[in-house]
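Participant: Sequence first, predicted coordinates after that:
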Amino acid sequence: MFIFKKILTPFLMPPGIFIVLLVGFGIWFFLKKQWKAGMVNLSIGIFMWLLSISPVADAMLRGLESDFKIPENPRGDVIILLGGGVYDKVPDLSGIGAPSEEMIARLVTAVRLQKRLDVPVIISGGTVFKGRQAEAPIIKRFIVDLGIPSGKIIIEDKSRDTIENAKYTKAICEKNGFKKPILVTSAYHMKRSVLSFKKVEMDVMLFPASFKTWKDRKYNWHDYLPGSLDNTYAALHEYLGIFFYKFAY
């Protein structure tokens, strides 16, 4: 019963249920000898299935993460923590608003690194859409709760994307005389971040957080069942961002 539940559940939850419907309609159209409609439905269903399985999502993410490693002996005079999304109006233990799951991984890494180096932290993250709260103040509240003194935190709350993260944090570093910044962001986001900081001619030490893939991962049968599209979406978003940044800035 346990194995049956594990097999059945992915096909009852999105995107699995949509895959079942598309494949089912594809077969039904084939039986009706409506070859074109059958091929379209079946192709979309199989393509969606492929995008939702771990081996495909990991391969896409690995292309973003594989060039980066965690430095053995990081040295710097300031940590730059890039925003990664917040739930800006949710209730929380110490106020309103909370970091997204991805941002939690970044900020925990930044806090652990700060406790090791005892240097200031620049939190970079503004408001992307009107009517939303800036990321940086929410993130600051969390890292203060985790033990970083408020006086060691600098907020940059104007940036709307990664290129603006680079632009505005560079100005802060120049103003405060920081010469050796350490950049903390998700491993899969690091390629676009490196491109952005190069665009503004700023050298940073790279400290990737929250790796999602690893070398020589072994896959089991359940990794080929339909799963979440979150990692696929994150990877595609980064590839599109890299392409855009290369030609738009």
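Facilitator: Yes, it's here.
Participant: can we go C-alpha only for contacts and neighbour counts from here?
Facilitator: Fine.
Participant: ok, for residue 29, nearest residue in space, not its chain neighbours?
Facilitator: residue 38 (4.6 Å; CA to CA, 6 or more residues apart in numbering).
Participant: What ranges does the chain have for its strands?
Facilitator: Remark: strands of the chain, listed N- to C-terminal, are 78-82, 86-92, 95-99, 121-124, 153-156, 181-186, 205-209; assignment by DSSP state E.
Participant: Please list the outside residues in contact with the second one.
Facilitator: I take that to be strand 86-92. If you take CA atoms under 8 Å, 6 or more residues apart in numbering as the criterion, strand 86-92 is touched by 96-100, 103, 132-135, 138.
Participant: In TSV, list those residues along with neighbour count.
Facilitator: Shown next, in TSV, are these (neighbours: other CA atoms under 10 Å):
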residue	neighbour count
96	13
97	22
98	23
99	22
100	16
103	23
132	13
133	18
134	25
135	31
138	20
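Participant: hang on, the earlier thing: report pLDDT for the residue nearest to residue 29.
Facilitator: In this model, residue 38 is scored at 97, pLDDT.
Participant: Where do the domain boundaries of this protein fall?
Facilitator: Recorded structural domains for the chain (assignment: automatic domain parsing) are 1-54, 78-209.
Participant: what's the average pLDDT for the last one?
Facilitator: Translated: domain 78-209. Summarised as a single mean, pLDDT over domain 78-209 is 97.
Participant: Need the winner for burial among the domains of the chain.
Facilitator: When you average the neighbours per residue for each of these (mean count of other CA atoms under 10 Å), domain 78-209 leads with a mean of 19.
Participant: Quick check: residue 86 vs residue 160, distance?
Facilitator: Computed as CA to CA, to the nearest Å, the residue 86 to residue 160 distance reads 13 Å.
Participant: cool, residue 152 as well?
Facilitator: If you go by CA to CA, the gap between residue 152 and residue 160 works out to 23 Å.
Participant: cool, and residue 180?
Facilitator: Distance, residue 180 to residue 160, using CA to CA: 24 Å.
Participant: again, but for residue 96
Facilitator: Here the distance between residue 96 and residue 160 works out to 21 Å (CA to CA).
Participant: cool, residue 199 as well?
Facilitator: Between residue 199 and residue 160 the distance is 16 Å, computed by CA to CA.
Participant: Could you do residue 185 as well?
Facilitator: Here the distance between residue 185 and residue 160 works out to 15 Å (CA to CA).
Participant: Repeat that for residue 125.
Facilitator: When residue 125 is compared with residue 160 (using CA to CA), they lie 7 Å apart.
Participant: repeat for residue 74
Facilitator: 28 Å.
Participant: next one: residue 121
Facilitator: 19 Å.
Participant: cool, residue 148 as well?
Facilitator: Looking at residue 148 against residue 160, where the rule is CA to CA, the gap reads 25 Å.
Participant: Look at stretch 122-139 and report the distance between its end residues.
Facilitator: As for stretch 122-139, its first-to-last residue distance stands at 11 Å under the measure CA to CA.
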